[in-house]
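> Here is a sequence with its predicted model. Questions after.
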Protein chains: 2
Amino acid sequence: MDRFFKEAINQAKKGLLEGGIPIGSVIVHKGTILGRGHNKRVQKGSVVLHGEMDAFENAGRQEAKVYKESTIYTTLSPCPMCTGAILLYGIPRVVIGENMTFLGAEDHLRAHGVEVIVLNDEECIKMMKDFIADKPELWNEDIGEE
Amino acid sequence: MDRFFKEAINQAKKGLLEGGIPIGSVIVHKGTILGRGHNKRVQKGSVVLHGEMDAFENAGRQEAKVYKESTIYTTLSPCPMCTGAILLYGIPRVVIGENMTFLGAEDHLRAHGVEVIVLNDEECIKMMKDFIADKPELWNEDIGEE
């Protein structure tokens, strides 16, 4: 398994251990991890720190050209907000753990020329399936559903 | 002037006084402000807390139906990231101070059925024009441009 994708899974597991939503992400520039993140809805009461957003935040302020040479790894298909952040900063490549439990705005990414790679990794699918079965209300809150 | 829009401008001015980027936002539900925010790139070194995102964060965890009955006011046309957050949470109405200095993803909002009202308020336009002239590099960083 790609070591960066594995790190995104590790971030998701860390979130789960903290009592949070198990979605993790890493942003990688030329073989170096710029930022790691995981969903912080429970841990920080945050409604903006999805896994990908937390990875952006932890990567911190970067030059525009750095984002444009980076890849973001995420365990779950990116929601409209995270998709928008990817487009804002011009990340050209997104590696997605799975889109079976939630299909984000992948078409919108592709329409803007972003390369989208979907792994449909069994471990990611199981992690989200188990989580959604365990805490459906928390999950619905995270994606703005009732 | 609408008191909620005025509060968004006040947030932008607050950001400017803090040495930050002058963009402010408020989220309003049935006549009550749920959250106020302003861009925090400089103040917190944040790459995700645009004005609108900061307003979401300060509004905190809300029920899905509350977002779907709310209006977001912002002094500047929302970038792809903020647009994505508005779509994620299903905010049905966006009041925009101006789109002359920066045109965000308004068409994407409209395509998803969001009501978009653009005021092109002179004070907002002047505030951003002056800021962009004063700190072009900081502004470019905020919108992911070189």
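Right, received. Where do you want to start?
> isn't residue A:52 right up against residue A:25?
Yes. Counting by Cβ atoms under 8 Å, residue A:52 does reach residue A:25; the two are 4.5 Å apart. The C-beta positions use only the backbone N, C-alpha and C, and glycine is treated the same way.
> what about those two, which has more around it?
residue A:52 (34 against 31; other Cβ atoms under 10 Å in any protein chain shown).
> Give me the neighbour count for the closest residue to that one other than its chain neighbours.
Residue nearest to residue A:52 in three dimensions, not counting chain neighbours: residue A:82, with 3.9 Å by Cβ to Cβ, 6 or more residues apart in numbering or on different chains. When neighbours are counted by other Cβ under 10 Å, residue A:82 registers 32.
> what's near enough to touch the residue in chain A that chain B sits nearest to?
With Cβ to the nearest Cβ, the shortest gap between chain A and chain B falls at residue A:84, namely 2.7 Å. Residue A:84 makes contacts with B:79, B:80, B:81, B:82, B:83, B:84, B:85, B:105, as judged by Cβ atoms under 8 Å, 6 or more residues apart in numbering or on different chains.
> now for those residues, which pair is the farthest apart?
Within these, two members stand farthest from each other by Cβ to Cβ: B:85 and B:105, at 11.2 Å.
> so what sits against both of residue A:52 and residue A:25?
A:37, A:72, A:74.
> Please flag which of those residues sit within strands.
Residues of the shared contacts of residue A:52 and residue A:25 located in strands (DSSP state E): A:37, A:72, A:74.
> Excluding chain neighbours, what is closest to the last one?
In space, residue A:74 comes closest to residue A:25 once its chain neighbours are excluded; the distance is 4.3 Å by Cβ to Cβ, 6+ apart.
> The residue lying closest to residue A:60 once chain neighbours are set aside: how many residues sit nearby?
Of all residues not flanking residue A:60 in the chain, residue B:45 sits nearest, at 6.0 Å (Cβ to Cβ, 6+ apart). A count of neighbours around residue B:45, defined by other Cβ under 10 Å, yields 11.
> Give me the pLDDT for residue A:88.
Residue A:88 is assigned a predicted lDDT (pLDDT) of 98.
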